[in-house]
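1. Fold the stuff below for me.
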Amino acid sequence: MSALVELTGVTRIYGTGEARVAALAGIDLAVSPGEFLALMGPSGSGKSTCLNIVGCLDEPTEGSHRFHGVEVTELSQNQRALLRRNYLGFVFQGFNLLPRTSALENVELPLVYRGMGAAERRERAMRALVDVGLGDRASHAPNELSGGQQQRVAMARAIVTDPELLLADEPTGNLDTARSIEVMELLASLNRDRGITILMVTHEEEMARYASAILRFRDGCIVGRDTPGAA
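-> The predicted structure follows:
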């Protein structure tokens, strides 16, 4: 099976001279369709930089980044924006919901950018909310929802476009243990039942165990790959 994402010899350098920092020091990574990978490591180890490059939010200083075999580093800014819009979904620690807008309208937003008609947009957004267990909260604003519910709205917004790849950056970082488990079980079900490939940055071993594999980052390098539950 061909890799969905391939990073080869990817470096990311910030600053120059004495301020020069190698956030990534030449990593190789292949992500197969349907995988659920957790990226772990101490702060500054390169895991979020890796996620941002895969998500076309940042560019490598050197190296190759391929998506479905297409060299992403050779795409224009507009082409990378289209790749994000049509193939990728994003979930962040901070939810990033519009505060004076209903859950349904928040989920509709990516479809607005696609130019989709209002009726189809609303139907798809409602279906995504039902998929994350919030069909009865569609009219609620974010301040009327718990943290766990807000994160599930953010996940509905991420999947409403039927992405091939979901990128989650500390999705449980602002949640208590019970709400974190709810979010992780939902991510696992999206991976298992809908076949969405997932890359997730986390500091929490308990949450990483929901993934099919854990990639360990240190000093800008991938230093190990574990299988959760393996002896």
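
2. can you list contacts of the longest helix anywhere in the chain?
-> Criterion DSSP state H: the longest helix present in the chain is helix 177-194. Here helix 177-194 makes contact (CB atoms under 8 Å, 6 or more residues apart in numbering) with 34, 36, 132-133, 146-148, 151-152, 155, 159, 166, 168, 171-172, 175, 196-198, 200, 204, 206-207, 210, 212. For the C-beta atoms, the positions are set from N, CA and C on the backbone; glycine is no exception.

3. In strands, which of those residues fall?
-> 36, 166, 168, 197-198, 200 (DSSP state E).

4. now, among those, which is nearest to residue 24?
-> Relative to residue 24, the closest of those is residue 200; by CB to CB it sits at 17.8 Å.

5. Which positions are bridged to that closest one in the beta structure?
-> Bridge pairing for residue 200 (DSSP bridges) gives the partners residue 38, residue 168.

6. Output the below-cut-off pLDDT ranges for the protein.
-> 1, 229-231 (pLDDT under 70).

7. Relative to residue 148, how far out is residue 169?
-> Remark: distance between residue 169 and residue 148 (CB to CB, to the nearest Å) = 17 Å.

8. what does residue 173 give?
-> 12 Å.

9. higher neighbour count, the two?
-> residue 148 (19 against 16; other CB atoms under 10 Å).

10. Now the residue nearest to the spatial centre of the chain: closest residue in space that isn't a chain neighbour?
-> In the chain, the C-alpha nearest the mean C-alpha coordinate belongs to residue 167, at 1.1 Å (CA atoms, centre = their mean). Excluding the flanking residues, the one nearest residue 167 by CB to CB, 6 or more residues apart in numbering is residue 55, at 4.7 Å.

11. Next: residue 209.
-> The shortest distance from residue 209 to any non-neighbouring residue, by CB to CB, 6+ apart, is to residue 228 (4.2 Å).

12. in this structure, which spans are helices?
-> 47-54, 77-87, 103-113, 118-131, 147-159, 177-194, 205-208.

13. between the third one and helix 118-131, how many degrees?
-> Between helix 103-113 and helix 118-131, the angle comes out at 130 degrees (axes from the mean of the first three to the mean of the last three CA atoms, to 10 degrees).

14. And the longest one, by the same measure?
-> If you take the same axes, to 10 degrees, helix 177-194 sits at 120 degrees to helix 118-131.

15. again with the fifth one
-> An angle of 130 degrees separates the directions of helix 147-159 and helix 118-131 when computed by the same axes, to 10 degrees.

16. So what's the gap between helix 147-159 and the chain middle?
-> Centre-to-centre, helix 147-159 and its host chain are 12 Å apart (CA atoms, centre = their mean, to the nearest Å).

17. so what's residue 148 closest to, chain neighbours aside?
-> residue 179 (3.2 Å).

18. Report how many residues lie close to that neighbour.
-> 18.

19. same question, residue 85
-> Neighbour count for residue 85, taken as other CB under 10 Å: 14.

20. Can you tell me the number of residues neighbouring the closest residue to it other than its chain neighbours?
-> Leaving aside its sequence neighbours, residue 85 sits nearest to residue 113 (CB to CB, 6+ apart; 6.3 Å). Neighbours of residue 113 under the rule other CB under 10 Å: 11.

21. was I right about the residue nearest to the centre of the chain contacting residue 56?
-> No - using CB atoms under 8 Å, residue 167 is not in contact with residue 56, being 9.8 Å away.

22. so who does the residue nearest to residue 167 touch?
-> Applying CB under 8 Å, 6+ apart, the residues contacting residue 55 are 84, 88, 90, 167.
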